[in-house]
Structure formats: structure tokens, C-alpha cells
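J.: sequence and predicted structure, then a few things I'm wondering about:
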Amino acid sequence: MISGIDKEIGFLRDALNLRANRQQMLASNIANADTPNYKARDINFATELQRAQGAQVGNLAMNVTSAGHMKTFAGTQNVQALYRAAVQPSIDGNTVDMDVERAQFTDNAIHYQFLLDSLGSKFKTMQAAIQGQ
Amino acid sequence: MSLFNVFNIAGSAMTAQSQRLNTVASNLANADSATSSTGQPYRAKQVVFSAMPLGGSRSGSAGVKVAGVIEDPSPMKRMYDPKHPLADAQGFVTMPNVNVVEEMVNMISASRSYQNNADMMNTAKTLLMKTLTLGQ
């Protein structure tokens, strides 16, 4: 039963985790807009989500002594941070484009809210099913 | 939870930017200080930012820290004013090398960056508050 619920919300959980991760990365880009030699970083969301779906156990796996034990989840822990290609290179070596970063930050925040809403409605559906109403 | 890290990142950037703003204020305030506690004319100061990796090197995110405050090495301004008590034998007074235009630009840039980071914190707060009410 637990694994059934896990299957229901697993995808949204992975996506939500990745969105939170990406939000942090975009925040550090905006924070370092004036730092010389800072290179803007981002993740490829689609690739990372696929990887998280495939890999239930990452580097943080716990030892299991029986095949029936539940596996720990570490699919979105080790994301691969890529470097953003600079649109207008600046002389101090900084590649942060504030317009791009702010747009992505807002976009990511909206996606995060959408995923939260989806997860919430999923819980509501499950609750309705459990209560039989 | 990586959203909490947004607070650390934005907070560190706001600290760094406000220090930059302080330096600008000091430079502008002393633009005409021909002497100081060291006996020398005031030298313009600039802050140097550097990225500070957060949450492990793997996460790829970084906050900001002020690596140091440097003194502007550019030459001092020399002003001809024989009546000035600090004038040398030729009648020139050495004045601070503060470039007022540059400082004003720095000031606007610092306050804009500060605002951006404050906005970012607000967004992260909204997202976290919504996360806390998940399933209710």
C-alpha cells in the first residue's frame, strides 16, 4: 500500500524537489550578479527529472539486508549543474544576465506552485477514496 | 530542503551589497577630505566580492562574501589653491581620488541588486509557506 501511494506521488515529489533545487541555483546566480568571474549555472530540468525517475537509489543509499526492505530515496540529491552560455560576455568574466535569471526565477516559482497544487489535489483525491465519500 | 538555502544566498548577497553601499557613502562623504586621521588625504575604497560555495560543492550554488576592501590606487587629484592651509610650496593641495560619477553609478547598482535579492527572499518565503500548508 505504501509503495502504491509512493507510485502515485513519486513523480510530483521528484519534480518538486528538482524545482526547489533549481530555485536555489537561480538564486545564487542573481545573488552573484556583481561578483567578478562568477559563471551562471543551471540544470537541464528534463534530463534531471528523467534521471531521478530512473535512479531511486543514489550515492546516499543505505545498506539493506533483505530485498524486501524499503530503499532510501536520493534521486534528486546529485544534480548536474551546467554552465549557462553567455549572451553578452562582460569584461569581469561574469556571465549572469539579470533579465534571463529573473525570468527563469519567476518561471520556476510558478512551476513550483503548480506542482504543489497538483500534489495537494492528489492527496485530496486519495483521502476521498480512503473515506469512501 | 534547498528552498531554505535561498534565504542564506539572498541574505549573504544583501549583506555584501549593503557593505558596498556603505563604502560608497564613505567615499562620497569624504570626497573633499584633504586630510584624515593618518595625515594623508582620503583614498577612495572599493569592496571586492567573491562567490562563497554553499551546501556542499556539488550543489553548484553560491552565496556572496566581501573578500576585502581595497584602496583605489589611482593618482590623487591636485587642486591649485595657495590660500589653503595644506597647500604645498607650489600652491597645490592634494585632494581625494574619489570619482563622484563612478560612486553614484555604484550606489544605484548596489541598491538595485539589494532590491533584487529582497524580492527573491519574498518569493522563497511564499513558496515555503505554501509548502507548509501542503495537503490541507
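T.: Thanks, I have the structure now. Everything quoted here is computed from the prediction, not taken from an experiment. Numbers count the residues shown, from 1 in each chain, chains lettered A, B, ... in the order given.

J.: could you use CA atoms for every contact and neighbour count after this?
T.: Will do.

J.: which positions within the helix of greatest length in chain A qualify as buried?
T.: Using DSSP state H, we find that the single longest helix of chain A is helix A:98-131. Residues A:101-102, A:104-105, A:108-109, A:112-113, A:115-117, A:119-120, A:122-123 are the ones in helix A:98-131 that count as buried (16 or more other C-alpha atoms under 10 Å in any protein chain shown).

J.: quick check, distance from the helix or strand A:Ser28 falls within to the centre of its chain.
T.: Assigned by DSSP states H and E, A:Ser28 belongs to helix A:2-31. Relative to its chain's centre, helix A:2-31 lies at 3 Å (C-alpha atoms, centre = their mean, to the nearest Å).

J.: is the following helix or strand past that helix anywhere near chain B?
T.: Remark: after helix A:2-31, the chain's next helix or strand is strand A:41-42, criterion DSSP H and E. Yes. Strand A:41-42 reaches chain B (C-alpha under 8 Å from any C-alpha of the partner chain) through A:Arg41.

J.: near chain B at all, the helix or strand following strand A:41-42?
T.: Once the chain leaves strand A:41-42, the next helix or strand it forms, by DSSP H and E, is helix A:45-54. No. Using C-alpha under 8 Å from any C-alpha, helix A:45-54 never reaches chain B; the gap is at least 13.3 Å.

J.: and helix A:45-54, what's buried?
T.: For helix A:45-54, using 16+ other C-alpha under 10 Å, the buried residues are A:48-49, A:52.

J.: from chain B, how far out is A:Met25?
T.: Distance of A:Met25 to chain B, given as C-alpha to the nearest C-alpha, to the nearest Å: 5 Å.

J.: list the contacts of that residue.
T.: A:41-42, B:59-62 (C-alpha atoms under 8 Å, 6 or more residues apart in numbering or on different chains).
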